[in-house]
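Engineer: Take this sequence and fold it.
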Amino acid sequence: MRDIIKPTIVLFLICVIVTMALALTNYATKDAIAEQTKIQEESARREVFSEAEAFEEIENIDSIIGTTDEEKLVKDAFECLKGGEVIGRVYSVESKGYGGVISMAVGIDNSGKITGVKIISHSETPGLGSKVQDEAFVSQLVGITPKEKLTVVKSGGSKEEDIDAVSGATVSSKAVVKGIQSAIDADLVIKEKGGES
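Structural biologist: Residues are numbered from 1 along each chain as shown. The predicted structure follows:
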């Protein structure tokens, strides 16, 4: 009996010590991690809407665009300001891909043109789904002013809204396009409610 109890107690103590060490490490680094995340998000906003001089967060975005928890892809929205005027908006979006959540920033100007798309983080398969962040895929979306819903196609769509999927990564491609479409939909609602043209 003693041969069983002694190793069990030792294992339990090791687990307690490791758990406490992880908790302390998390506590000590959480502010630094939060600060790095904030810097990364600000950098992404500047990248997708380079004309903006400043960004102002739109408060209560959920109540404005009327999303439920199931369809809540838009996490945050920011007005893009230049010379004190609102020239567009940047949306922080999260969409479920093949390997997990794909976080991105999407810039849309007042005319509805997509000014930029930046994949901030993802867990997609390296060499396949990860290609959604490559210029070849993202460039299809930047600079277009969609008049209809975006659609993922296997090859060579005839309309501006037809986006070619990354070969072998249709699920990841659809996740990115779905996220961008949610930003476009949110932008239309915000412009309607805010009277922007």
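
Engineer: which residues sit in contact with F49?
Structural biologist: Neighbouring residues of F49 by Cβ atoms under 8 Å, 6 or more residues apart in numbering: 55, 80, 88, 90, 107, 109, 115-116. All C-beta spots, glycine's among them, are computed from the backbone N, C-alpha and C.

Engineer: Mind doing that once more with 6 Å?
Structural biologist: By Cβ atoms under 6 Å, 6 or more residues apart in numbering, the contact list for F49 reads 80, 88, 90, 107, 115.

Engineer: Just the element for Y91, please.
Structural biologist: If you go by DSSP states H and E, Y91 is part of strand 85-96.

Engineer: Who are the packing partners of the following helix or strand past that strand?
Structural biologist: Using DSSP H and E, the helix or strand that follows strand 85-96 in sequence is strand 101-109. In terms of contacts (3 or more Cβ pairs under 6 Å, 6 or more residues apart in numbering; DSSP states H and E), strand 101-109 is packed against helix 2-48, strand 85-96, strand 114-121, helix 170-194.

Engineer: any idea of the mean pLDDT in the second one?
Structural biologist: Right, the one you point to is strand 85-96. For strand 85-96, the mean pLDDT works out to 95.

Engineer: Over to stretch 17-31?
Structural biologist: Mean per-residue pLDDT for stretch 17-31: 91.

Engineer: How far off centre is that stretch?
Structural biologist: In terms of Cα atoms, centre = their mean, to the nearest Å, the centre of stretch 17-31 is found 27 Å from the chain centre.

Engineer: so what's the residue lying closest to V86 once chain neighbours are set aside bridging to?
Structural biologist: Distances taken as Cβ to Cβ, 6 or more residues apart in numbering put E79 closest to V86, at 4.9 Å, once the chain neighbours are dropped. On the basis of DSSP bridges, E79 is bridged to E56, R89.

Engineer: S103 now?
Structural biologist: With DSSP bridges applied, S103 shows beta-bridge pairing to E94, S121.
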